[in-house]
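1. model the following, please.
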Amino acid sequence: MANFGPKDIKKLREMTDAGMMDCKKALTESDGDMDKAVEWLRDQGMGAAAKKAGKVAAEGAVTVKVEGSKAAIIEINSQTDFVAQNDKFKAILTDVVTHAFDNSITNAEDINASTINGEPFSEYLSQQVATIGEKLVVRRSALIDADENVAVNGYVHANGQVAVIIEAKCDSASTAEAMKSALRDVAMHAAAMSPSTLSYKDFDADFVAQETQGRIVAIEKENEELSRLGKTLKNIPQYISMSQLTDAVMADAENALKEELKAEGKPEKIWDRILPGKIARFIADNTTLDQEQCLLDQNFVMDDSKTVAQYIEEKAKSAGGSAEITAFTRLEVGEGIEVEEEDFAAEVAKQMG
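-> Coordinates of the predicted model:
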């Protein structure tokens, strides 16, 4: 005769979130001992996690935790977006980002190797897999842990698919405090505009050279089609990044612009009023890579008359100080994960066979 009843099954289910039949089997296997039943379910959960290990977890969510001059950001992947919207999944997300924040863990590898709530993180995650019913992966994480002279903030887009943490070195603690709101605006900008790096100074010269050649070829092909249609052709840029605009290049550009003004019959005495605008246009036309991929060089979405760097400089100046964005981390769920296209009909046939 069983040493448990419906109330025990209900209690075990509430404790573990496991299925009712699983709870009944666990109590049967443990002869009604609740602690042993929990242990049995844990073991089964680990088994379930192993079975799910081959599944690709490309969905999920991201989140941040920000307090003072400290911020943590994490990405946890699941197999379906449905699970990522589940309250249990959201609770796991909160637990893990709080764990990373409180313990100053800087990356996902260290999170996965850590101890949480007195047990190995791998065991904790296996229990969550058993509860959720899908493979879960703590894939990426980052941490900012700065002093009081550094402004820190973050942003999570409403759908939980994109998040950003960002920091700016300031001249004082008071400026850092005043800059937090502006940094949140820039974090929102980064979420929307997908910069891949902070500055053109981060680019490798070979990467820039390859991008330049690729863009020139692409525009040349596009111009062939525009020419066939009798439409205006696009300008083919000489350069695409500030890293290519050396002093010699800029000197040649200025001389060429002066020749243009001379050919147009503009009096030389007014050139100094015209040249700055033309040079600025030359730079804009020849730094398209920076504008697309570098946070500081992108036009600020809330005021595209200035770059992000200029916006921060102005905000800091109005606060009576100075500030410079020194780092940011942007995570978008699933980016870089390759997912195989599944033949649903073939999968069903396989299951039926």
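2. ok, the nearest residue to residue 27 once chain neighbours are set aside - how many residues close by?
-> If the residues on either side of it in the chain are set aside, residue 27 comes closest to residue 4, at 4.5 Å by C-beta to C-beta, 6 or more residues apart in numbering. C-beta: built from backbone N, CA, C; applies to glycine. If you count neighbours by other C-beta atoms under 10 Å, residue 4 ends up with 20.
3. could you do the one 3 residues further on as well?
-> Each residue near residue 7 was counted by other C-beta under 10 Å, and the total is 8.
4. same check on the one 5 residues further on?
-> For residue 12, the neighbour count with other C-beta under 10 Å is 24.
5. name the residues of the longest helix along the chain that are buried.
-> Scanning the chain for the helix with the most residues, using DSSP state H, yields helix 205-228. By neighbour count on 16 or more other C-beta atoms under 10 Å, the buried set for helix 205-228 is 208, 211, 212, 219, 223.
6. so how far is whichever helix or strand comes after it off the chain centroid?
-> Tracing the chain C-terminally past helix 205-228 and defining elements by DSSP states H and E, one meets helix 247-263 next. Taking C-alpha atoms, centre = their mean, to the nearest Å, one finds helix 247-263 lying 41 Å from the centre of the chain it belongs to.
7. and the angle from the helix or strand following helix 247-263 to helix 247-263?
-> The helix or strand immediately downstream of helix 247-263 is helix 271-285, counting by DSSP H and E. For helix 271-285 against helix 247-263, the angle between stretch directions is 130 degrees (axes from the mean of the first three to the mean of the last three C-alpha atoms, to 10 degrees).
8. list the buried residues in helix 271-285.
-> Across helix 271-285, burial judged by 16+ other C-beta under 10 Å covers 278, 282.
9. so that it lines up with my notes, have the first residue be 23 from now on.
-> Right, with 23 as the first residue, what we last looked at is helix 293-307.
10. which residues are contacting that helix?
-> Surrounding helix 293-307, the residues in contact under the criterion C-beta atoms under 8 Å, 6 or more residues apart in numbering are 257, 259, 264, 267, 272, 275-276, 279-280, 282-283, 288, 313.
11. repeat that for 10 Å
-> Contacts to helix 293-307, defined as C-beta atoms under 10 Å, 6 or more residues apart in numbering, come from residues 257, 259-262, 264, 267, 271-272, 275-276, 278-280, 282-284, 286, 288, 312-313, 321.
12. show the subsequent helix or strand relative to that helix.
-> helix 310-315.
13. list the helices and strands that next one packs on?
-> Contact here means 3 or more C-beta pairs under 10 Å, 6 or more residues apart in numbering; DSSP states H and E; on that basis helix 310-315 packs against helix 202-215, helix 227-250, helix 293-307.
14. if we use 7 Å, what do you get?
-> Contacts of helix 310-315 with other secondary structure elements, assessed using 3 or more C-beta pairs under 7 Å, 6 or more residues apart in numbering; DSSP states H and E, are absent: no helix or strand is involved.
15. re the thing from before, same list (the buried residues of helix 227-250) but as CSV, adding pLDDT and distance to residue 184.
-> Shown next, in CSV, are the buried residues of helix 227-250 (pLDDT from 0 to 100; distance: C-beta to C-beta, whole Å):
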residue, pLDDT, distance to residue 184
230, 94, 27
233, 91, 24
234, 92, 29
241, 88, 30
245, 92, 35
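16. pull the most distant pair out of those residues.
-> Considering C-beta to C-beta, no two members of these lie farther apart than 230 and 245, which are separated by 22.3 Å.
17. isn't there a helix covering residue 32?
-> Yes. Looking at residue 32 with DSSP: H, G, I helix; E, B strand; the rest coil, it is inside a helix.
18. tally of neighbours for it?
-> Using other C-beta under 10 Å, residue 32 has 12 neighbouring residues.
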